[in-house]
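Q: Sequence and predicted structure are below.
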Amino acid sequence: MTPLITSYTALVDRLDRNDWILPVLARFLFAAILLGYFWASAQTKLGDGFFGFLSPSTGAYAQIFPKTFEAVGYDSSQLGPHHWAVTVAGTWAEFILPALIVLGLFTRPAAVGMIGFIALQSLTDLFGHGGIEHAATLGAWFDRMPDGVILDQRGFWMLALILLVVKGAGPLSLDRLLLRNAPSVRPVCQPQ
């Protein structure tokens, strides 16, 4: 039994020293699974023409403010500047935050931003689009069915993002290049 325990301990020690694997794998899977999803969603929110990134499409308002947009008869001119600002910011966030995560640039703040984005997206899906009325949309934990959109799928999305917040982007990232070349920061109040 001792050789088995020794072998197991040696394997665990090697895995513990390779803590770069998880953040690199989380970013790879984010790129492989979620980057296209968020960018395709953001593209549906762009308005026409060169300045479409400043002029959200009708679909953008319908996705982000479904009940409010319905209440004004799907006329975006009836919405206020707050609605425009939130819609534009949400559209930009769907492009910028995933790109930062994949590049490994400002990964921790980008992952925090994506966590907030996914939380708002999920709340909008549940309460704005009527998903709360459909138990399958919300899903349930410990139910042997892994296909609930909110609790199951987005739970795994959040896990990957939380891992990036805690561990950072890993060695294959622009963050690592920035930190390697950054001057060392000394505390403001140094004891003399």
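A: Noted; the coordinates are in hand. Numbering: from 1, shown residues only.

Q: contacts, neighbours, all on C-alpha from now
A: OK.

Q: pLDDT of stretch 166-184, averaged?
A: Across stretch 166-184, pLDDT averages out at 87.

Q: Buried residues, it. List them.
A: Under the neighbour-count criterion of 16 or more other C-alpha atoms under 10 Å, stretch 166-184 has 167, 168, 169, 170, 173, 174, 175, 176 buried.

Q: Spit out the contact partners of residue 62.
A: 69, 70, 74 (C-alpha atoms under 8 Å, 6 or more residues apart in numbering).

Q: So which of the residues you listed wins on neighbours?
A: The most crowded member of the contacts of residue 62, judged by other C-alpha atoms under 10 Å, is residue 69 (21 neighbours).

Q: contacting residues for that one?
A: 61, 62, 75, 76, 79.

Q: just residue 133 next, same as before
A: residue 126.

Q: And the pLDDT at it?
A: Residue 133 is assigned a pLDDT of 70 by the prediction.

Q: next one: residue 13
A: For residue 13, pLDDT reads 84.

Q: neighbours of it, just the number please.
A: 11.

Q: CA-only coordinates of the lengthiest helix in the chain in CSV, if you can.
A: The longest helix of the chain (DSSP state H) is helix 81-103. Extracted in CSV, the C-alpha atoms of helix 81-103 (Å, rounded to 0.1, in the frame of the first residue of the first chain):
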residue,chain,number,x,y,z
PRO,A,81,-31.1,58.3,-23.0
HIS,A,82,-30.6,55.8,-20.2
HIS,A,83,-32.0,53.0,-22.4
TRP,A,84,-29.7,54.0,-25.2
ALA,A,85,-26.6,54.1,-22.9
VAL,A,86,-27.3,50.8,-21.3
THR,A,87,-28.0,49.2,-24.7
VAL,A,88,-24.8,50.6,-26.2
ALA,A,89,-22.7,49.6,-23.2
GLY,A,90,-24.2,46.1,-23.2
THR,A,91,-23.4,45.7,-26.9
TRP,A,92,-19.8,46.9,-26.5
ALA,A,93,-19.4,44.7,-23.4
GLU,A,94,-20.3,41.7,-25.5
PHE,A,95,-17.5,42.5,-27.9
ILE,A,96,-14.8,43.8,-25.6
LEU,A,97,-15.0,41.6,-22.5
PRO,A,98,-14.8,38.3,-24.3
ALA,A,99,-11.9,39.6,-26.5
LEU,A,100,-10.0,40.7,-23.4
ILE,A,101,-10.5,37.2,-21.8
VAL,A,102,-9.3,35.3,-24.9
LEU,A,103,-6.3,37.6,-25.2
